[in-house]
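Undergrad: here is my input; please provide its structure:
(chains A and B)
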Amino acid sequence: MNAAEDPRWLRALVAALALLVGLLLLALPLAAVFTEALRRGWEVALEAILEPDSLAAIRLTLLVAAISVPLNTVGGLAAAWCIAKHDFPGRRLLVVLVELPFSVSPVISGLVFVLIFGLQGWLGPWLQARHIQVIFALPALVLATLFVTFPFVARTVLPLMQEQGRAEEEAAATLGADGWQIFRRVTLPNIRWALLAGVLLCNARAMGEFGAVSVVSGHIRGQTNTMPLHVEILYNEYQFAGAFAVAALLALLGLVTLAAKSVLERWSGRAVGEAG
Amino acid sequence: MSVIVEGLARRFGTTAALDGVSLAVREGEFVALLGPSGSGKTTLLRVLAGLEPQEEGRVEIAGQEMAGVPARERGIGVVFQNYALFRHMNVFDNIAFGLSVLPRARRPRRAEMAERVRELLRLTQIPELERRWPDQLSGGERQRVALARALAIHPKLLLLDEPFGALDALVRREVRRWLRGLHDRLGITTLLVTHDQEEAMELADRVAVMERGRIAQFDTPAALLAGPTTPFVAGFVGEAARLEGRVAGGVLRFVQPGLPPLAVALPDGPASAFLHPRDVVAHPAPEGPLIRLARATAEGTARLVVELADGATLDAVAEPQGEWPQRQAACRLEITGAQVFAANGARGAAAPLRLAEVR
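TA: Residues are numbered from 1 along each chain as shown, chains lettered A, B, ... in the order given. Now for the predicted structure:
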């Protein structure tokens, strides 16, 4: 049965239902966060955000994102490029590995890092002997974020790369281009919009990640607390105004990212966002 | 530049895409690789271009051994099946690409590059498309851009992979003539891959017919039609119909009833005959095979489809100077010649049997 053959009222009903679910489950909570944050006025919210521990959390979140997003952009791009443009033993395995972080609970991935780098972990004693702090410090936060957000860039550009095939790259090679020239002048421009969309999604998740980061952070206020963790602490301490203010700022960062992605998609005139 | 291929082999898993291909193309020649899909013609082209590794055998282009030379150092122009234009570059940048990736020392200056691109646009008769994007072009225009892009690097060899596949029939014929004219002007050795025999026959100086990873026959179009050396070539080239029969005492008798025996110098035993429509002449007769279809050819003669007694059909022509044949009329078939292959591969040209020869 063709969708166009469905009765008009049925289509309207389904559309209304979808919209209702979307509003109830997605938009309403978001609106609640902002109303709650501004319940006692701008000044209170602003004050909560400008409080030193909050500022430290914001700074740390931005730092973690600033380190992990570029790394995952390069890594994801490389993985997608290998999978789409080359044949090699283990190619299928790489496809599975790229998607692994999507299927594993973030808490578990955080625990894995504790197991490896923690005091009782495999590398713990070796690291401690050299006074290198990984767990409960910035390196672990970055590692956990890297793991959780790895698929975003790769999964966004991979379908496009596979659809485009290798013909243009082969043509470029016969015209005398070397590997780097082919990548920079043919492969990369063909996926630039999808790549940007993937980077933005990756960034949104890197800033908002809670589970994995929570396990490895240690929750040291002003030092290893990222914004999501800070929100939780404030909330648990009944500082609702502060919790919602920081939460609202975090949500705002995510919304700005999403808006940027939509603008990009409309701008490029092509459907780039197959991931999500 | 000349191309020499010797004993080339390439396997994908257990299937051999190329199974001992040898070929010698002369400088300035236009050669078509003709074969059904899966015969290895595109693989051969890709090995020549350096896009597929050669596993066994030797490739020599312009006297230089090609093993281990990467595609980008071969200086071979390739026009890909779907043209593979760079979709994010306009026509000008597509054509200029090969020049713009040259090492700095050899890269022409901007003005020279533009001059060269415009020259190629004129050569391929598309100067007005300079600022257009690939997705704004028709199939024929894309093909010309792809060709101009390949010519920009001054290739010593031009490889064309089914270049007319994306064009409609009307454009195809015109573009074919134009391409052959261009080749004659530039004199670049050219290899064309195609599954369309009409295309191969019209364009090429010589045609290599490929069958299952091997070259079945490599000859001029006329020689291929006149003297196919294997049953495969006889069946694939031209429009010959294959009929089975048996040779006994120098006489071939067909399995199908209603066909006259032929004289052929082959040993006794089963044999396959390939009959070109022009070799089968239908004469009006009170009874015999029925004429099912009759159509006029471009030359004004009648081309017939005749139904034999067992229901099989055969292409035939009407007798010259005869009346225009009637549909559903009975006829007598005269066979003026055929290519016959014995079971052991021996080949013979069959001729009408003269009465004296019937024993």
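Undergrad: next SSE after the helix or strand containing A:N190?
TA: According to DSSP states H and E, A:N190 maps onto helix A:188-208. Using DSSP H and E, the helix or strand that follows helix A:188-208 in sequence is helix A:211-217.
Undergrad: got the angle between the helix or strand just after that following helix and helix A:188-208?
TA: Remark: after helix A:211-217, the chain's next helix or strand is helix A:227-236, criterion DSSP H and E. Using axes from the mean of the first three to the mean of the last three C-alpha atoms, to 10 degrees, one finds that helix A:227-236 and helix A:188-208 are set 20 degrees apart in direction.
Undergrad: flag every buried residue along helix A:227-236.
TA: Neighbour counts using 16 or more other C-beta atoms under 10 Å in any protein chain shown place A:227-234 of helix A:227-236 among the buried residues. Quick note: C-beta positions are derived from backbone N, CA and C, even for glycine.
Undergrad: present those as TSV; the columns should include distance to chain B.
TA: Formatted as TSV, those follow (distance: C-beta to the nearest C-beta, whole Å):
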residue	distance to chain B
A:M227	38
A:P228	38
A:L229	42
A:H230	43
A:V231	42
A:E232	45
A:I233	48
A:L234	48
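Undergrad: hmm, the helix holding A:N190 in reach of chain B?
TA: Yes: counting by C-beta under 8 Å from any C-beta of the partner chain, contacts between helix A:188-208 and chain B involve A:189-190.
Undergrad: state the mean pLDDT of that helix.
TA: Across helix A:188-208, pLDDT averages out at 89.
Undergrad: so what secondary structure elements neighbour that helix?
TA: helix A:52-85, helix A:138-164, helix A:240-268 (3 or more C-beta pairs under 8 Å, 6 or more residues apart in numbering or on different chains; DSSP states H and E).
Undergrad: which one of these lies closest to chain B?
TA: helix A:138-164 (8.1 Å; C-beta to the nearest C-beta).
Undergrad: now the closest one: buried residues?
TA: Those would be A:138-158, A:160-161, A:164, for helix A:138-164 by 16+ other C-beta under 10 Å.
Undergrad: and for stretch A:163-173?
TA: Using 16+ other C-beta under 10 Å as the burial criterion, the residues of stretch A:163-173 that qualify are A:164, A:166, A:168-173.
Undergrad: those residues also near chain B: which ones?
TA: Among the buried residues of stretch A:163-173, chain B is touched by A:168, A:170-173 when using C-beta under 8 Å from any C-beta.
Undergrad: how about those, which pair is most distant?
TA: Of all pairs drawn from these, the greatest distance, 9.8 Å, lies between A:E168 and A:A173 (C-beta to C-beta).
Undergrad: pull the lowest-mean-pLDDT helix or strand in chain B out as PDB, backbone CA atoms only.
TA: Sorting the helices and strands of chain B by mean pLDDT, DSSP states H and E puts strand B:290-296 at the bottom, at a mean of 83. What follows is strand B:290-296, C-alpha atoms only, in PDB (Å, rounded to 0.1, in the frame of the first residue of the first chain):
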ATOM      1  CA  LEU B 290       6.300 -19.600 -43.000                       C
ATOM      2  CA  ILE B 291       7.300 -15.900 -43.200                       C
ATOM      3  CA  ARG B 292       6.200 -14.500 -39.800                       C
ATOM      4  CA  LEU B 293       7.600 -10.900 -40.100                       C
ATOM      5  CA  ALA B 294       8.800  -8.800 -42.900                       C
ATOM      6  CA  ARG B 295      10.300  -5.300 -42.400                       C
ATOM      7  CA  ALA B 296      12.100  -2.900 -44.700                       C
END
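Undergrad: mind giving me the packing neighbours of it?
TA: strand B:302-307.
Undergrad: can you list the residues of chain B near chain A?
TA: So far as C-beta under 8 Å from any C-beta goes, chain B lies against chain A at B:49-51, B:70-78, B:80, B:82, B:84-88, B:97-98, B:101-102, B:149-150, B:152-153.
Undergrad: which members of the residues you listed occur in helices, if any?
TA: B:49, B:97-98, B:149-150 (DSSP state H).
Undergrad: who wins on neighbours among these?
TA: Among these, the one with the most neighbours (other C-beta atoms under 10 Å in any protein chain shown) is B:R149, at 30 neighbours.
Undergrad: per-residue confidence at it?
TA: At B:R149, pLDDT is 96.
Undergrad: could you check the distance from it over to B:D161?
TA: 14 Å (C-beta to C-beta, to the nearest Å).
Undergrad: that's all I had, so thanks and see you.
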